[in-house]
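J.: Structure for this input, please:
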Amino acid sequence: MKVNVYTIDGGIKGQVELPEQFNYPYRPDLIRMAVRVFQLNRVQPHGIKEGAGMKVASSWGPGHGISKMVPRIGSSSRGANLPNVRGGRAGHPPTTEKIWKRKMNKKMRRMAKYSALSMTANKVMVIKRGHKFNEELTLPVVVEDKFEEINRVKNAIEVLKKMGLYDDVLRASVKRVRAGKGKMRGRRYKKKKSLLLVVKNKENVKKGFGNLPGVDIVTPAELNAEILAPGTHAGRLTVFTEGAIEELRGWTE
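T.: Next comes the predicted model:
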């Protein structure tokens, strides 16, 4: 499959044949499994504080017309300690001994990565994922290597506007308040993922694009299923430089 190669001014420089890694079938089961493995391997073992929920309480005993099995706080009838009462201990709390680490076969992990990579070239999947871009572009977006010389935010925004990709950055800049108790635990806001930039040398690119909302910058060697399909949803809007495409072509497995 051939796609256009774009200049940093938004024009078409020529065409390039995509590597065979973009021709794999869609495997949502493997993508979901691979992303879950990455997430679980980042979890730090945790448990509850010893004695949490075990307040000073005692049973009233029989003869009061209420359950004698529930410990009560002082002279009040408020229950304590048990899992089924307010403020009581947890029934089956997490323990630090729990093993969170997971493994995945190399071939399955590689198939998940290639499947997610292939979906970056599927315009239907990219639109379904919610990305906003100029739909006249061929996907994945391939740009000339001059793209890697951009090291200022002002120039980066100007290039994205000329290529018709800046609307997706604006979409990701809108953050919303999380539902649930996570608001009280340091995760008040949720942000969306935007462009994925795959470049051969990311030192300059990080200076220009690194602080744009939702934008991730990686080299071909750093690609995996989670980066290509955040939240297990394949079809991320991805920009490759010519050098990155040629490096992908050199992959033997």
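
J.: Give the full set of residues in contact with Gly79.
T.: Applying CB atoms under 8 Å, 6 or more residues apart in numbering to Gly79 gives the contacts Ala57, Val70, Pro71, Arg72, Ile73, Val85, Arg86, Gly88. Bear in mind the C-beta positions are built from the backbone N, C-alpha and C, glycine included.

J.: pLDDT score for the first one?
T.: Going back to what we said before, that points to Ala57. If you check Ala57, the pLDDT there is 87.

J.: Helix or strand for the residue lying closest to Tyr166 once chain neighbours are set aside, just tell me which one.
T.: Excluding the flanking residues, the one nearest Tyr166 by CB to CB, 6 or more residues apart in numbering is Leu160, at 4.1 Å. In this structure, Leu160 sits in helix 153-163 according to DSSP states H and E.

J.: Show me the beta-bridge partners of Val3.
T.: Residues in a beta bridge with Val3, per DSSP bridges, are Val16.

J.: My understanding was that it contacts Gly14; is that so?
T.: No - with contact defined as CB atoms under 8 Å, Val3 does not reach Gly14; the gap is 10.3 Å.

J.: if you count what's nearby, which of the two comes out ahead?
T.: Val3 (19 against 12; other CB atoms under 10 Å).

J.: And that one, how far from Lys154?
T.: 28 Å (CB to CB, to the nearest Å).

J.: State the number of residues packed around Asp167.
T.: Neighbour tally, Asp167, other CB under 10 Å: 15.

J.: mind listing the helices in the protein by residue range?
T.: Using DSSP state H, the helices of the chain run over residues 28-40, 106-119, 123-128, 153-163, 166-173, 203-209, 225-228, 242-249.

J.: So what sits opposite His141 in the bridge?
T.: Not His; residue 141 is Val. Residues in beta-bridge contact with Val141 (DSSP bridges): Val239.

J.: quick one: Asn224 and Val37 touch, right?
T.: No - assessed by CB under 8 Å, Asn224 is found out of contact with Val37, at 10.0 Å.

J.: what is in contact with these two at once?
T.: With CB under 8 Å, 6+ apart as the test, Asn224 and Val37 both reach Arg109.

J.: ok, and the closest non-adjacent residue to Pro230?
T.: Lys193 (4.7 Å).

J.: now do Lys128
T.: Gly235 (6.2 Å).

J.: which residues does the one you found contact?
T.: Here Gly235 is in contact with Met119, Thr120, Asn122, Val124, Met125, Val126, Ile127, Lys128, Arg129, His131, Ala229 (CB under 8 Å, 6+ apart).

J.: For this structure, give me the ranges with low pLDDT.
T.: Residue ranges of the chain with pLDDT under 70: 252-253.

J.: Can you give the domain ranges for it?
T.: 2-27+101-249, 44-99 (automatic domain parsing).

J.: most packed of those domains?
T.: Comparing the domains of the chain by mean neighbour count (mean count of other CB atoms under 10 Å), domain 2-27+101-249 comes out on top with a mean of 18.

J.: ok, the closest residue to Gln15 other than its chain neighbours - contacts?
T.: Once flanking residues are discounted, Gln15 sits nearest to Lys2: 4.8 Å by CB to CB, 6+ apart. Shown in contact with Lys2 (CB under 8 Å, 6+ apart): Gln15, Val16, Glu17, Leu18.
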